[in-house]
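K.L.:
Need coordinates for the below:
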Amino acid sequence: MLELAILGFLYDAPLHGYLLRKQIAALTGHVRPVPESTLYPAIKRLEKAGLLARATEPGSVAAPRHVLTLTEEGRRELRRRLAEPAQRDITDENRWFTVLAFLRHLDDPRAQAAVLRRRLAFLEEPASFFYDGDRPLRAEELGDPFRRGILTIARATSRAELTWLRDTLASLDDTGH
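P.N.:
So this is what the prediction gives:
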């Protein structure tokens with residue numbers, strides 16, 4: 001998720017590490033803050049793999065800043081990761097939002113639609129946070145108001161996403177792609 005976010009934000013424009021970290025934190029929100037001890041090793045891995053380049057610019061007040069730029073290979077890698085997201089990127093909500101944030105970088109609406117269809121198929125499967133054996137429990141079956149709340153909120157979120165997915169897929173299909 002972190003590498004995908006780095007590639008995605010750098011696809012848009014070169015950034016220095018501090019701004020990149022702020023943008024990633026805004027995307028992932030309070031759920032998964034990005035510590036420097038995680039971000040900078042990921043940047044180094046991507047740089048070593050030839051996916052991004054680093055240039056030094058004078059700092060506005062003190063020390064020079066390192067500006068990161070996506071290489072052409074990095075641009076291809078981002079598009080590959082978006083076109084072929086891992087199953088976990090489809091099923092984990094935070095990872096899914098990262099994929100969704102940059103899906104516009106796939107130029108082919110058919111490729112975009114294929115990714116959306118995978119998410120749609122996942123959401124259409126019966127699931128719950130709570131089970132009776134192998135059977136998913138519905139909110140109405142729970143006596144615990146807090147667990148019922150989790151399922152009620154999840155259901156509303158899923159319904160909204162399902163509506164958006166279906167509308168977006170129809171729109172992509174209507175463009176004749």
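K.L.:
quick one: contacts of the helix-or-strand element of the chain with minimal mean pLDDT?
P.N.:
Within the chain, no helix or strand scores below helix 17-28, which has a mean of 86 by mean pLDDT, DSSP states H and E. Helix 17-28 is contacted from outside by 1-2, 5-6, 9-10, 15, 33-34, 36, 39-40, 43, 65-66, 68, 94, 97-98, 101, using CB atoms under 8 Å, 6 or more residues apart in numbering. (Each C-beta comes from the backbone N, C-alpha and C, glycine too.)
K.L.:
Selection in PyMOL covering whichever of these are buried, please.
P.N.:
Filtering the contacts of helix 17-28 down to the buried ones (16 or more other CB atoms under 10 Å) takes a single PyMOL command:
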select buried, resi 1+2+5+6+9+10+15+34+39+43+65+66+68+97+98+101
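K.L.:
quick one on the thing from earlier: got the buried residues for the least confident helix or strand of the chain?
P.N.:
Result for helix 17-28 [16+ other CB under 10 Å]: buried residues G17, L20, R21, Q23, I24, A25, L27, T28.
K.L.:
residues contacting the residue minimising distance to the centre of the chain?
P.N.:
Note on the chain: the residue nearest the mean C-alpha position is T98, at 1.1 Å, using CA atoms, centre = their mean. Contact analysis of T98 by CB under 8 Å, 6+ apart lists M1, L4, A5, G8, L27, T28, D89.
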